[in-house]
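**Q** Prediction below, plus the sequence it came from.
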Amino acid sequence: MPVADEPIEGCSVEEENTVEPLLAPHDGVPPVLITAEEVAEAAARLAAGTGPLAVDAERASGFRYSARAYLIQLRRAGSGSFLIDPIPVADALAPLAAVVNELEWVLHSADQDLPGLAELGLRPARLYDTELGGRLAGFERVGLAAMVEKLLGRALRKGHGAADWSTRPLPDDWLNYAALDVELLLELRQEVAAALEAQGKSDWAAQEFEHVRASEPPTPKADRWRRTSGIHTLRKTRQLAVVRELWTARDTLARSRDVAPARILPDAAIVSAATADPRTIAQLRALPVFGGPRQRRYSREWLAAVDRARALPDDGLPTLTQSYDGPPPVNRWERRDPVAAARLTRARTAMGELSVKHAIPVENLLSPDLVRRLCWDGLPSYTEVGTSADLSAAIDEFLASGGARPWQRELAVPALTAALLPAND
């Protein structure tokens, strides 16, 4: 769950003081359900409710490797709120899934919570994302607290969204915070829906919500080890090999222990070892962090990773620069293909104008990566496009193949066609 926002920008102190603070759920904090019997009873009560289901989940990002849910919050009109600890009842959620999987779920930033809930067999039949709806409605701030304050006149206190929710038992104030996250979510959905309807964007939002609901989790990117903080300071391929081997060893260990990788070994320590090239455990432990009590017990694993990198033949070393699946970094376009760079500038200008016209963030109008791919090499025989209609059809086909929704293509294709006509080159 995203951490609650500060008060909305632009509000005066006097306006903020008129907002009613929401300090506790109306019906009190519900008990945490930890048995199969309790979950089955909750499922029956939810089945007797009406309307959509407010859903939230608390994870332990920054503490655990997995994205699993460590607390599930549910609320439905006529049923009340429920807090479920999925850890002891992970194998007993079928009665709950049979009920809730048939409903529309209302979440805030749904893409954060859906993967962990799907691991438990919980998947919505329909979805309403109040955060995404707020973006499409043109709200400047779309955090849960900011939107509740703006649309419902209630103030949610900053809470424990970044806490270690794998902690047991969960503190009472954490549970109060968790219950409040779904307390007003159904009312917020109504207000967001009204704003979108007034702007003629309801169908656009429906397409976006379905896209989020049906999307599979993103495939992990190749060479994730290259995202190690500080790696840019290294200038030798052998050093990069050390980073890769240590990163992989850390990732394997973190996955097996379900601990966030940075808590196993920080990035700075990996870069330090790549620079120092230790050859003995004593040399390794003399480096910052590696001599600490938590790292000493893994000294042999860390040194073995360094040794593997040292033993690699030259043709097995990583390259200094990353290979890209798609266009190169934009800052290299002008040198490599100035015509494509000019196209991208015009395309970005066109999308920026659309963003202002429809009060929608440019990244929600169309994936920036898709725009880059289009301008780099998305249109074969680019200069041979015959007419504006031909170019428009080619752009529409490319955007559709890249996952752009119909409403996005309806807006973007005419703008991009005008910007990318070969005559402009």
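**A** Cool, got the structure.

**Q** C-alpha only now, for contacts and for neighbours.
**A** Noted.

**Q** So this structure: which segments form each domain?
**A** 13-214, 224-316, 330-424 (automatic domain parsing).

**Q** quick one: contacts for A400?
**A** 406, 409 (Cα atoms under 8 Å, 6 or more residues apart in numbering).

**Q** Serialize the domains of the chain to a markdown table and add fields for mean pLDDT and distance to S323.
**A** Converted to a markdown table, the domains of the chain look like this (pLDDT from 0 to 100; distance: least, Cα to Cα, whole Å):
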| stretch | mean pLDDT | distance to S323 |
| --- | --- | --- |
| domain 13-214 | 95 | 27 |
| domain 224-316 | 96 | 11 |
| domain 330-424 | 91 | 13 |
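
**Q** which SS state does the residue nearest the centre of the chain fall under?
**A** With the centre of the chain defined as its mean C-alpha position, the nearest residue by Cα atoms, centre = their mean is Q112, 5.2 Å away. Using DSSP: H, G, I helix; E, B strand; the rest coil, the structure places Q112 in helix.

**Q** what's the closest of the domains of the chain to Q322?
**A** Nearest to Q322, of all the domains of the chain, is domain 224-316, at 7.9 Å by Cα to Cα.

**Q** Do a quick rundown of the strands in the protein.
**A** 20-22, 32-33, 50-58, 71-77, 80-84, 104-107, 126-129, 154-156 (DSSP state E).

**Q** Could you dump those strands into TSV and include distance to Y177 and mean neighbour count?
**A** Compiled in TSV, those are given as follows (distance: least, Cα to Cα, whole Å; neighbours: other Cα atoms under 10 Å):
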stretch	distance to Y177	mean neighbour count
strand 20-22	10	14
strand 32-33	13	20
strand 50-58	11	22
strand 71-77	11	22
strand 80-84	11	22
strand 104-107	16	24
strand 126-129	20	23
strand 154-156	9	23
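
**Q** so how far is stretch 267-281 off the chain centroid?
**A** 32 Å (Cα atoms, centre = their mean, to the nearest Å).

**Q** Give the buried residues for that stretch.
**A** Neighbour-count burial for stretch 267-281, counted by 16 or more other Cα atoms under 10 Å, picks out 267-275, 277-278, 281.

**Q** try stretch 403-411
**A** Neighbour-count burial for stretch 403-411 [16+ other Cα under 10 Å]: 404-405, 407-409.

**Q** R285: which of the strands of the chain is closest?
**A** strand 50-58 (36.7 Å).

**Q** Distance to Y324 added to the domains of the chain, as a markdown table?
**A** Output for these, formatted as a markdown table (distance: least, Cα to Cα, whole Å):
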| stretch | distance to Y324 |
| --- | --- |
| domain 13-214 | 26 |
| domain 224-316 | 12 |
| domain 330-424 | 12 |
